[in-house]
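Q: any chance you could fold what I've pasted below:
(chains A and B)
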Amino acid sequence: GIQVEQSPPDLILQEGANSTLRCNFSDSVNNLQWFHQNPWGQLINLFYIPSGTKQNGRLSATTVATERYSLLYISSSQTTDSGVYFCAVRDYGQNFVFGPGTRLSVLP
Amino acid sequence: EPEVTQTPSHQVTQMGQEVILRCVPISNHLYFYWYRQILGQKVEFLVSFYNNEISEKSEIFDDQFSVERPDGSNFTLKIRSTKLEDSAMYFCASSVGHGVYEQYFGPGTRLTVT
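A: The predicted model follows:
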């Protein structure tokens, strides 16, 4: 099945810093989503982005499907951005496969 | 904005007991899913459901698990005889269609088996 990798596994930032999280996948996908898991364990939908670029406030995401990666950008990070960021992909015919996540800690 | 809801947010049960986790998908969605996340691990697919039957299931979804849409709004996951290793976050999701369509996730139910 499809393999999903995320980097870095852990990231520590000072409040106000910018960051880029990466998701690599091993095969063509027809669906890619980014999620934020908050400290209470809830999964928050961030982006549905099988291709192209989207922006939502301080967050933006880009997926280059032909090169099998997606990037999540966080600008001017805040302590409330802390948590785990997952990308999830599905290829043709399978259900979602989640990556291992990037654990982000934003320090005040 | 419509959202997927799940109840309860936290359930504690004793080993061997049956539990039912409940989800209310978004009203015009046709596909429903359950996922599981053991503490500290990644989210794993359990089962997908469409037109009142299971369309796909993973190896995790064994005979201890069952899903049902008992009425027009609820979607449930039943674990017949819970084991310690069933302790996890369980997420429900729904989508308008399968494949390319966005899946909307609920906030999760934390199940603790003692």
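Q: helix or strand for the residue nearest the centre of chain B, which one?
A: In chain B, the centroid-proximal residue (CA atoms, centre = their mean) is B:Trp34; its distance is 3.2 Å. Taking DSSP states H and E as the criterion, the element that holds B:Trp34 is strand B:31-37.
Q: any residue of the next helix or strand after that strand touching chain A?
A: Counting by DSSP H and E, the element after strand B:31-37 in chain order, helix or strand, is strand B:44-50. Yes: using CB under 8 Å from any CB of the partner chain, strand B:44-50 reaches chain A at B:Glu44, B:Phe45, B:Ser48. Any C-beta I mention is one placed from the backbone N, CA and C, and that applies to glycine too.
Q: describe which strands strand B:44-50 pairs with in its sheet and in which direction.
A: strand B:31-37 (antiparallel), strand B:53-57 (antiparallel) (DSSP bridges).
Q: can you point out the buried residues in the shortest one?
A: In terms of neighbour count (16 or more other CB atoms under 10 Å in any protein chain shown), strand B:53-57 has its buried residues at B:Glu56, B:Lys57.
Q: output the helix or strand just after that strand in PDB, but only the C-alpha positions, please.
A: Under the assignment DSSP H and E, the closest C-terminal helix or strand after strand B:53-57 is strand B:65-68. Extracted in PDB, the C-alpha atoms of strand B:65-68 (Å, rounded to 0.1, in the frame of the first residue of the first chain):
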ATOM      1  CA  PHE B  65     -16.500  -4.700  15.900                       C
ATOM      2  CA  SER B  66     -19.700  -3.900  14.100                       C
ATOM      3  CA  VAL B  67     -21.200  -0.700  12.600                       C
ATOM      4  CA  GLU B  68     -24.700   0.300  12.100                       C
END
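Q: can strand B:65-68 be found next to chain A?
A: No: figure legend: strand B:65-68 not in contact with chain A (CB under 8 Å from any CB); closest approach 13.8 Å.
Q: give me the mean pLDDT for that strand.
A: For strand B:65-68, the mean per-residue pLDDT is 96.
Q: following that strand, which helix or strand comes up?
A: Taking DSSP H and E, what comes next after strand B:65-68 is strand B:75-79.
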